[in-house]
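K.L.:
quick one: sequence and predicted model below, then my questions.
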Amino acid sequence: MSILTLENINFSYGKTKVLKDISYEFENGKMYCIVGKSGAGKTTLLSLLSGLAKPHSGKILYKGEDIKNTDKYKYRSKYIGVIFQSFNLITKYTALENVMLSMDIAGVKGINKKKKAMELLLSVGLDEDEANRRVLKLSGGQMQRVAIARALSYDPEIILADEPTGNLDTETQNEIMEIFNSLAEQGKCVILVSHSPDVAKMCDECYELKRNSKK
Amino acid sequence: MYILKNSFKSIGRSKGRNVLIGIIVLAISVSACIGLSIRQAAQNAKESALEGMSITATISYDRQSAMKDFQPSMGEGGKRPEMPEGGFDRSEFSKMMGNDNSLSLEEYEKYAEADSVGAFYYTTTLSLNGSDNFLPVSDETEDETEEDSVESEENSQDFGFEMGGFGGKMPGPMGNMMFGSMSDFSVVGYSTHAAMSNFSAEGNSTITEGVMFTDETEDFECVISEELAIYNDINVGDTVIFTNPNNEEESYEFTVTGIYTSTEGNTTDFSAMMGATSLDPANSIYTSSNALAVIIANSEENSSTMTDEDTGREYETALTSTLSATYVFKDVESYEKFEDEARELGLSEEYTISSSDVAAYENSITPLTTLSKIAGYFLLVILGIGAIVLVVLNIFNVRERKYEIGVLTAMGMKKGKVATQFLCEIFAVTLSAVLIGAIIGGVCAVPVTNALLDSQLAQTKANEEQVQENFGGMPNMGNMPGMPGGMGGMGGMGGMSKPDNIDIPEGFMGEAQNYITEIDSAMNLTVVIQMLGIAVLLTLSAGAVSMLFVMRYDPLKILANRD
């Protein structure tokens, strides 16, 4: 059963139609890659999936329910984990605080948040010293890892990542993709937006915008 | 809970901005604290002095209000008064000014039944002439008096005519001066000894020889001043004869039971100027009001109509008295309640109830209350400017943190919670600054207030001196006896028959006013609560802007622009 379904999605910026009649189904335990040329609407689609934007027509169904009818804040803070292209971390906080904050926003209770956040940061390849460093003092790859840890902190079923390997070297790119792969294996639905053929190859399914083709 | 945690974390991570906001709020709060303290000091001074103080009040006819009905309406442009067609109704005017408007003893007694009234007493004042061997104290020599008597009489008649120009009589001794000759003595009858507060421990008069007249007696007994006794060689037990100034054949023989001395200043200069020796305190004679009631009744019984030779006007020879009633209240609350009760008992709106005790004290705190008013305006300005500065700073703050807002809302934090976090941050900074400001302000309030008070006092005194100069330094009219309520319209001269149980600061024509010159403390819990209110007010005004901005922001746009 699909966890996320797109039904005839249309979206435009002014008179420019970006997404036209898009329909697709995403399932748990798979890693998807949305590919397309620049300006094809990849990030727009990700925004729609993350509930940051609303489609002009069509429906996005989360577990069969239109996300338009659900609490968008709850949807964003609990059901999906978004990894933005520019990470979007709170720069004045440490890596650990950023992860803990997302747990607070999601209303995670009954666990030692600090311990869980540290475990997550360690699991994505940061050490304790880096975890307690302000994110501004981390490298791009480290910030990407913090963003992934933050997205995983409240255990969402869907992970959305916008160009997660865009600014990374090949070695780090492989490490990050390994993390996503393991998340999919854990039963999560991982949706990546990328124009890297290497990333696309590592995914279970690929949706190319405009050509509407599946790998 | 995490909102609070984030707020404090955020404050700690943005020290520069928060210190700047803190300094601004600190300056505002120190100024506000001093302003509030000044206002509180004025309030405290008023309340503490009036607390537990017994208040006396009188009822008087509201001439000012009645005068309005006679004032011609203003013409177009508000410059030129238009006289009513057919001229001015002088008979109505004189009725208004005359004794007809005085309340009767029965009416005064009716209002004394009000629950709030603790005690009630009254005085009756008559202006009487002496006899050949009983003359009033005067600074004129006997020879001069005799030589100038005719001229003096003419002058006084002229004066009387002017004063009674509308055909009415002024109540009180002045009223008795209107026709015929000026009277020699002011004879004050007290309803009870308790009413003779000037003979109490705190009073300014004492019996030096003999005894006080019998309380509430109808016998013709009196006490006279030491000066009068020496001037006429009178001893205790001697008799003195008074005559009706309008009818010399009508006379009354009083026995002097006592001789008193008074520290009250004399009004010789003024009385000489007015041609009325009865205004001199040395010529004040005290007796029982019951005795005067007998005289008044007798005078009315034997009254006849006479014609003034010079003016041709007719007048009654019966003595006219002035009645002054005083109500005593246990506290200010009772005094304030009395007005409603008296109105319920039928007191017309044409009469006003006033307390010279309260008025006198309010006068004494004039510089402080003026300073309090200025402090109030200063406070408003400071708060206004402070609020604007904080709002502007907060706008910059929110715009600067736009990205943070975008991230937080993108992560699923509700906009309301983001706004609340911002509000908590402002409140924490503002509250800390206000509390520090309250401490600094509290320490500075007393010296600053006293310094400002000194300056205000100097200004008030300078104004007072200017007024005295403008009025030609008229002497001490405030000490004139027996003008109860009759000259109510003359401000500082009103209610002069009140008991002297408190120190009444003199009016503008009298001695220097006893102003409050310094305060001991100004800060109290009320000021602290008001300061907290200011913190909340400033937070809300600045926070409202955060709210608006946060609610307006679209996270997607913020993050897209960032990308």
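P.N.:
Looks like it came in fine.
K.L.:
could you use CA atoms for every contact and neighbour count after this?
P.N.:
Noted.
K.L.:
any idea how far the residue nearest to the spatial centre of chain A is from residue A:27?
P.N.:
For chain A, the residue nearest the mean C-alpha position is residue A:160 (1.9 Å; C-alpha atoms, centre = their mean). From residue A:160 across to residue A:27, the span is 13 Å (C-alpha to C-alpha, to the nearest Å).
K.L.:
kindly report the same for residue B:249.
P.N.:
For residue B:249, the distance to residue A:27 - C-alpha to C-alpha - is 129 Å.
K.L.:
tell me which element the residue nearest to the centre of chain A falls in.
P.N.:
strand A:158-162 (DSSP states H and E).
K.L.:
for that strand, which strands pair with it and how are they oriented?
P.N.:
strand A:80-83 (parallel), strand A:189-193 (parallel) (DSSP bridges).
K.L.:
now the shortest one: mean pLDDT?
P.N.:
Looking back up the chat, that one is strand A:80-83. Mean pLDDT, strand A:80-83: 90.
K.L.:
residue contacts, the residue nearest to the centre of chain A?
P.N.:
A:46, A:50, A:80-83, A:190-193 (C-alpha atoms under 8 Å, 6 or more residues apart in numbering or on different chains).
K.L.:
ok, residue A:81 next?
P.N.:
By C-alpha under 8 Å, 6+ apart, the contact set of residue A:81 is A:150-152, A:156-160.
K.L.:
if we ignore the residues flanking it in sequence, what's nearest residue B:56?
P.N.:
Nearest non-adjacent residue to residue B:56, counting by C-alpha to C-alpha, 6 or more residues apart in numbering or on different chains: residue B:328, 4.4 Å away.
K.L.:
neighbours of the closest residue to residue B:338 other than its chain neighbours, how many?
P.N.:
Closest residue in space to residue B:338, ignoring its immediate chain neighbours: residue B:116 at 5.7 Å, by C-alpha to C-alpha, 6+ apart. For residue B:116, the neighbour count with other C-alpha atoms under 10 Å in any protein chain shown is 21.
K.L.:
I figured residue B:116 hits residue B:332, correct?
P.N.:
No. Between residue B:116 and residue B:332 there is no contact under C-alpha atoms under 8 Å: 10.1 Å.
K.L.:
where does pLDDT dip in chain A?
P.N.:
A:167, A:211-215 (pLDDT under 70).
K.L.:
same question for the stretch 51-200 of chain B.
P.N.:
For the stretch 51-200 of chain B, the ranges with pLDDT under 70 are B:51-53, B:65-100, B:139-182.
K.L.:
how far off centre is the biggest strand by length in chain B?
P.N.:
Taking DSSP state E as the criterion, chain B has its longest strand at strand B:247-262. In terms of C-alpha atoms, centre = their mean, to the nearest Å, the centre of strand B:247-262 is found 36 Å from the chain centre.
K.L.:
tell me which strands it pairs with, and in which orientation.
P.N.:
strand B:205-210 (antiparallel), strand B:221-225 (parallel), strand B:239-244 (antiparallel).
K.L.:
check which residues of the first one are buried.
P.N.:
Of all the residues in strand B:205-210, those buried under the rule 16 or more other C-alpha atoms under 10 Å in any protein chain shown are B:205-207.
K.L.:
where do the helices sit along chain A?
P.N.:
A:42-50, A:72-74, A:95-106, A:113-123, A:128-131, A:140-152, A:170-185, A:197-202 (DSSP state H).
K.L.:
closest one to residue B:258 among these?
P.N.:
Nearest to residue B:258 among these is helix A:95-106 (93.6 Å), distances taken as C-alpha to C-alpha.
K.L.:
send me the closest one as PDB with only the CA atoms.
P.N.:
Coordinates of each C-alpha in helix A:95-106 appear next as PDB, following Å, rounded to 0.1, in the frame of the first residue of the first chain:
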ATOM      1  CA  ALA A  95      24.300  20.300  16.000                       C
ATOM      2  CA  LEU A  96      22.900  18.500  19.100                       C
ATOM      3  CA  GLU A  97      20.600  21.400  19.900                       C
ATOM      4  CA  ASN A  98      19.300  21.400  16.300                       C
ATOM      5  CA  VAL A  99      18.400  17.800  16.500                       C
ATOM      6  CA  MET A 100      16.800  18.200  20.000                       C
ATOM      7  CA  LEU A 101      14.800  21.100  18.800                       C
ATOM      8  CA  SER A 102      13.100  19.100  16.100                       C
ATOM      9  CA  MET A 103      12.300  16.500  18.700                       C
ATOM     10  CA  ASP A 104      10.800  19.200  20.900                       C
ATOM     11  CA  ILE A 105       8.700  20.500  18.000                       C
ATOM     12  CA  ALA A 106       7.500  17.000  17.100                       C
END
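K.L.:
what's in contact with that helix?
P.N.:
By C-alpha under 8 Å, 6+ apart, helix A:95-106 touches A:74, A:77-78, A:89-90, A:113-114, A:117-118, A:121, A:130-135, A:146, A:149-151, A:153-154, B:2, B:411-413.
K.L.:
pull out the buried residues from those.
P.N.:
Among the contacts of helix A:95-106, those classed as buried by 16+ other C-alpha under 10 Å are A:74, A:77-78, A:89-90, A:113, A:117-118, A:121, A:130-131, A:133-135, A:146, A:149-151, A:153-154, B:411-413.
K.L.:
and residue A:180, how many neighbours does it have?
P.N.:
Neighbour tally, residue A:180, other C-alpha under 10 Å: 25.
K.L.:
check the buried residues of strand B:205-210 against chain A and report the nearest one.
P.N.:
Closest approach between the buried residues of strand B:205-210 and chain A, by C-alpha to the nearest C-alpha: residue B:205, at 82.2 Å.
K.L.:
number of residues surrounding the closest residue to residue B:394 other than its chain neighbours?
P.N.:
Excluding its sequence neighbours, the residue lying closest to residue B:394 (C-alpha to C-alpha, 6+ apart) is residue B:542, at 6.2 Å. Residues near residue B:542, counting by other C-alpha under 10 Å, number 24.
K.L.:
ditto for the one 4 residues further on
P.N.:
The burial count assigned to residue B:546 is 26, neighbours taken as other C-alpha under 10 Å.
K.L.:
pretty sure it sits in a helix.
P.N.:
Yes. Counting by DSSP: H, G, I helix; E, B strand; the rest coil, residue B:546 falls inside a helix.
K.L.:
quick check: it touching residue B:392?
P.N.:
No. Using C-alpha under 8 Å, residue B:546 is not in contact with residue B:392, being 10.5 Å away.
K.L.:
what is the orientation angle of the host helix or strand of residue B:403 with helix A:42-50?
P.N.:
According to DSSP H and E, residue B:403 maps onto helix B:402-410. Interaxial angle of helix B:402-410 relative to helix A:42-50 (axes from the mean of the first three to the mean of the last three C-alpha atoms, to 10 degrees): 50 degrees.
K.L.:
and the helix or strand just after helix B:402-410, anywhere near chain A?
P.N.:
Moving toward the C-terminus from helix B:402-410, the next helix or strand (DSSP H and E) is helix B:415-470. No. Helix B:415-470 does not reach chain A (C-alpha under 8 Å from any C-alpha of the partner chain); its nearest approach is 9.2 Å.
K.L.:
report the angle between helix B:415-470 and helix B:402-410.
P.N.:
Going by the same axes, to 10 degrees, helix B:415-470 makes 130 degrees with helix B:402-410.
K.L.:
what helices and strands are in contact with helix B:415-470?
P.N.:
helix B:2-13, helix B:15-50, helix B:366-400, helix B:402-410, helix B:525-552 (3 or more C-alpha pairs under 8 Å, 6 or more residues apart in numbering or on different chains; DSSP states H and E).
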